[in-house]
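S.K.: Below are the sequence and a predicted model; questions follow.
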Amino acid sequence: MITETMQNAINQQIARELYSSNLYLAMAAYYSNINLNGFANWMRVQAQEEMVHALKFFDYMISRGAKPLITQINAPKTEWSSPFEAFQDSLEHEKLITAHINDLVNLSIKENDHASNIFLQYFVTEQVEEESTVLDIVTRMKMMENFPGGLYLIDNELKQRKFGA
């Protein structure tokens, strides 16, 4: 049985993951509107991954006999001043999600909820990968800021990303 405190915290994380999915979909629209279709593809795949994360939390709650709640999700930002700013926002968002996952792990330890702790380790590992991947793209974008063709090269690379549940 999952504690009410843990249940409430995981429900908040479901909302965060759904918000993340919406944020990345908004970024995909932004990139599509400025004809950076590789960037748009990358963000669209990221939106799908975040939805899968929300569903993992949702299914975990059900498996533990808890009640997943879908709450109101705030609208994400939809405009950025540059392609770099949007990806920088993505990095900051991933750092925020990492902090929330770490808080959940700490809560699982405090609540002596070993099952939740084990479940959350997937997300700890996932966030390391998420931050690393986004940081790599942000770093390469920054390196290419004085080379206009650099954005085109990165855009072509990002077109290759495929969703794999």
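M.R.: Received it, and whenever you're ready, just let me know what you need.
S.K.: which parts of stretch 52-64 are buried?
M.R.: By 16 or more other C-beta atoms under 10 Å, the buried positions in stretch 52-64 come out as 53, 54, 56, 57, 58, 60, 61, 64. All C-beta spots, glycine's among them, are computed from the backbone N, C-alpha and C.
S.K.: now swap in stretch 111-119 and tell me
M.R.: Neighbour counts over stretch 111-119 (16+ other C-beta under 10 Å) mark 111, 113, 116, 117, 119 as buried.
S.K.: Could you pull out the strands in the protein for me?
M.R.: Along the chain, no segments are classed as strands by DSSP state E.
S.K.: any chance of the buried residues of stretch 52-64 in CSV, plus distance to residue 39 and pLDDT?
M.R.: Compiled in CSV, the buried residues of stretch 52-64 are given as follows (distance: C-beta to C-beta, whole Å; pLDDT from 0 to 100):
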residue, distance to residue 39, pLDDT
53, 21, 98
54, 23, 98
56, 26, 98
57, 27, 98
58, 29, 98
60, 32, 98
61, 34, 97
64, 38, 96
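S.K.: In helices, which of these appear?
M.R.: The helices, defined by DSSP state H, take in 53, 54, 56, 57, 58, 60, 61 from the buried residues of stretch 52-64.
S.K.: Leaving out chain neighbours, which residue sits closest to the third one?
M.R.: In this case it means residue 56. Once flanking residues are discounted, residue 56 sits nearest to residue 122: 7.6 Å by C-beta to C-beta, 6 or more residues apart in numbering.
S.K.: What's the local residue count around the one you found?
M.R.: By other C-beta atoms under 10 Å, 13 other residues sit near residue 122.
S.K.: Before I go, just wanted to say thanks for your time.
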